[in-house]
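[1] Give me coordinates for this.
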Amino acid sequence: MLDFIYYPVSFIMWVWHKVFGFVLGEDSGIAWVLSVVFLVFTLRLILYKPFVSQVRSMRKMQEMAPEMQKLRKKYANDRQKLATEMQKLQQQNGANPIMGCLPILVQIPVFIGLFHVLREFKPGKTENYVFNAAENASFVDSDFFGSKLGAAIWPLQNTSSVTEVGGNLVSQWIVMVPLMIMAGIFTHVTARHSVARQQAQIAAGTAAANPQAEIMQKLMLYVFPIGVVVGAPFLPLAVLFYWVANNLWTLGQQWLVYRRIDAEEAEKEQKATESAKALAPRPGQKPIRKDEKGTAKDVREIADEPLDADAGSTGTAQGSDGASADGGSANGSTANGTKNGSSTNGAAKNGNGAGGKKPGAKPVQRRQGTKSKRGKRR
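    Model prediction:
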């Protein structure tokens, strides 16, 4: 029924056994152990890119947790609308929940396939998927420090017992107990590494706390490691080698991938900070903005410009009036008025035009004008 899983698993194991059997001997127990270990490494190497996608997707989902919580509250009574908005949010952020579960989902059938292939190594069998009769006998007769790789101390249905394949229970326990402990410890350490990162993200505010996730974290930290230790005597010994090798690979892969992703995010933040500094005005620099024509000018220059096109002519008229009030000659008044009227500020040099006063300058009083006014009052 699951031959599409059993044949590929057995083929990868067969290839590695040929490689290590050529060096160590076809019947060597170490060659068979290494074939199981490198079966794990091969499969995990194939799943490396999906694992990276899983980590990225999980991080994005954690960052989206506050927004998702808001959507759940907003559309609590409309599940269809909630699903639609959740999908939009995930698409906008490039998150894919399926990619987060893919590596784990793929490893489950691999484990089932390996367990099935290992328990099919039995005395007298003529074939075991890719393995022929001689290779089947080689696996059954081989031992690893006196233990049998395909046998279990308390065998389940269709699993060979230690005595059935000619093994020794004491040697089986001696090899199995350290592997049980290692499998439990590595499972706990792998889970703790993932949980610690999630808690750090929650503390930093980049992820929101989730009660369901906390329950799952406790299961990963304690229940799964205990389950591995308790279930070890019921499994073929080679399965424990698979489990230990798988957890060792996971630890190294997590360290490598998380370090790489953290470095990428730190580089992005640094580039964003540098670009923000480059766009910001330097200390003491005049504020610059663009006028209607798109020309960059000083803000103070734009504020001093006339509001309309008639401002220049008004300045000319004011400049000529100011010059005539001085009592000067006609030629002088014309020259001064023309000169001051053509400028942006009107009669700025005479000081008598409406726009000619400099900021902070005191008004100049005309003595003759003052006397004439007093004379009129008298």
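[2] Below-threshold pLDDT in this structure: ranges please.
    Residue ranges of the chain with pLDDT under 70: 96-103, 198, 200-213, 281-378.
[3] Would you map the strands across it?
    For the chain, applying DSSP state E gives strands covering 127-128, 131-132, 151-152, 160-161, 288-290, 296-298.
[4] Report the contact partners of the nearest residue to P8 once chain neighbours are set aside.
    Excluding the flanking residues, the one nearest P8 by C-beta to C-beta, 6 or more residues apart in numbering is G113, at 7.6 Å. The way it works is simple: take the backbone N, C-alpha and C, and place the C-beta from them, glycine included. Applying C-beta atoms under 8 Å, 6 or more residues apart in numbering to G113 gives the contacts 2, 5-6, 8-10.
[5] Take these and lay them out in CSV including neighbour count.
    Formatted as CSV, the contacts of G113 follow (neighbours: other C-beta atoms under 10 Å):
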residue, neighbour count
L2, 11
I5, 16
Y6, 20
P8, 16
V9, 24
S10, 22
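[6] Return the closest of those residues with respect to N93.
    When the contacts of G113 are ranked by distance to N93 (C-beta to C-beta), I5 comes first, at 34.1 Å.
[7] Name the nearest residue to that closest one, ignoring sequence neighbours.
    In space, I5 is closest to G113, 4.1 Å off (C-beta to C-beta, 6+ apart).
[8] go on, L156?
    Of all residues not flanking L156 in the chain, F234 sits nearest, at 5.5 Å (C-beta to C-beta, 6+ apart).
[9] what number of residues lie near the one you found?
    Neighbour count for F234, taken as other C-beta atoms under 10 Å: 13.
[10] what sits against it?
    F234 sits next to 152-156, 159 when contact means C-beta under 8 Å, 6+ apart.
[11] Now restrict those residues to buried residues only.
    The neighbour-count criterion (16 or more other C-beta atoms under 10 Å) marks 152-153, 155, 159 among the contacts of F234 as buried.
[12] thought S161 was touching K148?
    No. S161 is beyond contact range of K148, at 9.2 Å (criterion: C-beta atoms under 8 Å).
[13] picking up where we left off before, generate JSON lines for the buried ones among the contacts of F234, with distance to V140 as supplementary columns.
    Output for these, formatted as JSON lines (distance: C-beta to C-beta, whole Å):
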{"residue": "A152", "distance to V140": "14"}
{"residue": "I153", "distance to V140": "17"}
{"residue": "P155", "distance to V140": "14"}
{"residue": "T159", "distance to V140": "13"}
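[14] so where's the longest helix in the protein?
    The longest helix of the chain (DSSP state H) is helix 237-279.
[15] packing partners for that helix?
    Counting contacts by 3 or more C-beta pairs under 8 Å, 6 or more residues apart in numbering; DSSP states H and E, helix 237-279 packs against helix 29-46, helix 48-74, helix 97-119, helix 169-204.
[16] can you put those helices in a markdown table and add distance to K271?
    As requested, those are exported to a markdown table (distance: least, C-beta to C-beta, whole Å):
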| stretch | distance to K271 |
| --- | --- |
| helix 29-46 | 32 |
| helix 48-74 | 19 |
| helix 97-119 | 26 |
| helix 169-204 | 20 |
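[17] ok, L221 touching A196?
    No. The criterion here is C-beta under 8 Å, and L221 misses it with A196 at 10.3 Å.
[18] Have a look at these two and say which one is more surrounded.
    Taking neighbours as other C-beta under 10 Å, L221 and A196 compare with L221 leading, 16 against 11.
[19] if I pick that one, what's in contact with it?
    Neighbours of L221 in contact, by C-beta under 8 Å, 6+ apart: 188, 191-192, 195.
[20] Tell me which residues of stretch 41-60 come out buried.
    In stretch 41-60, counting by 16+ other C-beta under 10 Å, buried: 43-44, 47, 50-60.
[21] Distance check, F139 against S160.
    11 Å (C-beta to C-beta, to the nearest Å).
[22] Between the two, which has more neighbouring residues?
    F139 (26 against 21).
[23] Not counting sequence-adjacent ones, nearest residue to the more buried one?
    F121 (4.6 Å).
[24] Isn't the one you found up against E135?
    No. Applying C-beta under 8 Å as the test, F121 and E135 come out as separate, 9.1 Å apart.
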